[in-house]
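**Student:** return atomic coordinates for the entry below.
(2 chains)
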Amino acid sequence: MKVFEEALTGEEISGPPSKSDYLMDRSFRGIAMVCAWFIIGVVGLLLWEIGYKAIPAIREYHLGFLTGTTWDVNKQVFGILPEIWGTLYSSFLALAIGGFFGVSMAIFLTQDFLPARLALVFRTIVDLLAAIPSVVYGFWGIFIVVPFIRPVADWLNAEFGWIPFFSTTLSGPGMLPASLVLAIMILPTIAAVSQDALRQVPYRIKEAAFGLGATRWEAILKVILPTASAGIFGALVLGFGRALGETMALAMLVGNSNQLSLSLFSPGNTLAALLALNFPEAGEREIPILMYAALVLLLITLAVNMIGTAIMSLSSRQMRSGK
Amino acid sequence: MSLALFVLVNLYFINLASADEKLRLTGSGASFPFPLYSAWFKNFSKMNKNANIDYQAKGSGAGVLDFINRTVDFAASDAAMKPEEIAKVQGGAVLLPMTAGKIVIAYNLSGNPKGLKLPRDVYPDIFLGKITKWNDPRIQSANPGMKLPDLPITVVRRADSSGTTFVFTNHLSAISPGWKSGPGAGTTVNWPGSDKFVAAPKNDGVTATIKQTPGAIGYIEYAYAIGAKVEMAALQNKTGKFVMPSTESGVAALANAQLPENLIAWVLDPEGEKSYPIATFTWMLFYQQNATPEKAKILRDVVEYGLTEGQKLSAKMGYIPLPDNVVSAVRAASKKIQ
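**Tutor:** All right, here's what the predicted structure looks like:
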């Protein structure tokens, strides 16, 4: 009993774990396990709930729902191909733009281009972008981005209208303004995860490159980037996943028109925008149909995120074994 | 001193609240009359210390669903209720038109020319995507004094399903056979597929997009057009006259409305030389049998307030005051709320 009290007061530094230590340890493990399973359970519940409510629509519209191009509530004709296309197209465009700038920024901030303090300031600013509400991005897009790109878009259409990407004039809302804003929204995710990946590259690899006579840029482009490539790829996939699910800014900027067009200036539609705009007033018959669309979006997002996570874990495993 | 007074006043109100239990009433539904309703309920709650009314502008469809599921004490809808929806309400529903509004066609042209005239065979064709340029001869000939540009017309519509779209498309169906057999009428319709048709959420989204897009045209609530100072078109009414949207032309449009027993009437294409063609009532939905007599009493008081004091506010806020015959019909029908 005396020993036990001493252990509790902490006077004895070494010694076997006490009963309360065991208890703490067990209960913490237990709580952690419950939380972990709870998260998996929530995802499962979400899938089940949406899937269950979508069953009537799946039975009625089958896979034709995925290839139809008309959304007509009055005639009860529903298809979401333009939305699937718009979701993937806007996300890919955003990824191309946001990915380029995000990775460049990560290189800039990790490869000793800036004094450490200044780099921290930059990093904080980029992280702050993630805190701006979606609707603010939407208004910013309507009032700043659209007027800004309109002259460029008009010129491209007039001179290079034969290229499918510039084949229509910009009405206002459209794929390009939506993708530009989306690119800025996914920038923090890509920049942050890419920085982690670049920092994981062992310093001696860089030293070895310099030792072999490589210049700074040769070392960055030919040694460091390839070494961190798997991690950066993971960052891109995570950014892509975020772009797929983005709703409000896109609903305000994409034009919400069922168009299947390669043109950057054409309006389009996305699954998330379709759901957000139609749910509030959906009648009983439409809800299963919207649930079906939600299920499609959920599956696309889940698949993309799982691929991203798998690539990330693969990359960190490679890093560890490389040491 | 002032702090002490403040504390005393607060204590007084706390005592008052605990001594006299406040009745909380909740409602949900249409967003178009929301600014007016929220002003009404605020004033009403001030006057009646024993009642507190919350109203959520979720949209007409959501309001009707809440009403059927009995999660609210009352609801509001721009599209009234369908007969099969009314049938689902146990004990019966009372639908009362409480205010009315206009839908305007707003446009954005360089130089902001005022009062563009749109004949009744022209504006449905613009929204059908058949007239695609501003200098189309059919628009130009109606506006001889105006120099219209060689610019594509960008049609801005509502992206979400809405009472505004419902009223606008019903009007277009009434005046244009091509519209009726094409997109038809509803809270959302299948708009022509063109890259010159864009959609934005809510009245404010459409207004902002029109303001930002040279050559844009779209339909919005009158109050939003006034607030954002966009140009509004004069529309040709049934008698062939071009009428600008205003409180007077809205009142004229409703003056001839004949309300049936259930008080659901659509003013799809109003008669009268001074009538503005696109006007509509908007309804509050009540239960015939309420949980307690006190609740029913307060709901009847709310209706009475809306019909008297409330109507004075409506013109100021861009809505149409109800004609006298409608006011007395609504007052009589409100007795059914028990």
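**Student:** burial of residue 216, as a residue count?
**Tutor:** All of this is about chain A. When neighbours are counted by other Cβ atoms under 10 Å in any protein chain shown, residue A:216 registers 13. For the C-beta atoms, the positions are set from N, CA and C on the backbone; glycine is no exception.
**Student:** my bad, chain B
**Tutor:** For residue B:216, the count of nearby residues is 24 (other Cβ under 10 Å).
**Student:** who's in contact with it?
**Tutor:** By Cβ atoms under 8 Å, 6 or more residues apart in numbering or on different chains, residue B:216 lies in contact with A:171, A:172, B:107, B:108, B:153, B:154, B:155, B:156, B:209, B:210.
**Student:** same thing but 10 Å
**Tutor:** For residue B:216, the contact set (Cβ atoms under 10 Å, 6 or more residues apart in numbering or on different chains) comprises A:171-172, B:106-109, B:151, B:153-156, B:196, B:198, B:206, B:209-210, B:230.
**Student:** just the residues you listed: which are in strands?
**Tutor:** Mapping those onto strands (DSSP state E) picks out B:106, B:107, B:154, B:155, B:156, B:198.
**Student:** quick check: bridge partners of the fifth one?
**Tutor:** For residue B:156, the beta-bridge partners are residue B:198, residue B:218 (DSSP bridges).
**Student:** just checking, it touches residue B:201?
**Tutor:** No. Checked against Cβ atoms under 10 Å, the pair residue B:156 and residue B:201 is beyond contact range at 11.3 Å.
**Student:** quick check: phi and psi on the spatially closest residue to residue B:76 that is not a sequence neighbour?
**Tutor:** Leaving aside its chain neighbours, residue B:76 sits nearest to residue B:29 (3.6 Å; criterion: Cβ to Cβ, 6 or more residues apart in numbering or on different chains). When read as degrees, to the nearest 10, the backbone of residue B:29 gives phi 140, psi -140.
**Student:** my guess is residue B:29 meets residue B:73, correct?
**Tutor:** No. Using Cβ under 10 Å, residue B:29 makes no contact with residue B:73, being 11.7 Å away.
**Student:** which of the two has more residues huddled nearby?
**Tutor:** The residue with more neighbours, out of residue B:29 and residue B:73, is residue B:29; 32 against 23, by other Cβ under 10 Å.
**Student:** so how far is residue A:73 from that one?
**Tutor:** Per Cβ to Cβ, to the nearest Å, residue B:29 is found 19 Å from residue A:73.
**Student:** contact residues of the stretch 101-250 of chain A facing chain B?
**Tutor:** With the criterion set to Cβ under 10 Å from any Cβ of the partner chain, the stretch 101-250 of chain A comes near chain B through A:138-139, A:141-144, A:146-147, A:150, A:167-174, A:248.
**Student:** among those, name the buried ones.
**Tutor:** A:138-139, A:141-142, A:146, A:150, A:167-174, A:248 (16 or more other Cβ atoms under 10 Å in any protein chain shown).
**Student:** in helices, which of these appear?
**Tutor:** Taking DSSP state H, the ones among those that sit in helices are A:138, A:139, A:146, A:150, A:248.
**Student:** could those residues go into JSON lines alongside pLDDT?
**Tutor:** Shown next, in JSON lines, are those (pLDDT from 0 to 100):
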{"residue": "A:138", "pLDDT": "90"}
{"residue": "A:139", "pLDDT": "88"}
{"residue": "A:146", "pLDDT": "91"}
{"residue": "A:150", "pLDDT": "90"}
{"residue": "A:248", "pLDDT": "87"}
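**Student:** which secondary structure element is home to residue 26?
**Tutor:** Here I'm looking at chain A. Counting by DSSP states H and E, the element that carries residue A:26 is helix A:19-61.
**Student:** that's the wrong chain, I wanted chain B
**Tutor:** strand B:23-29.
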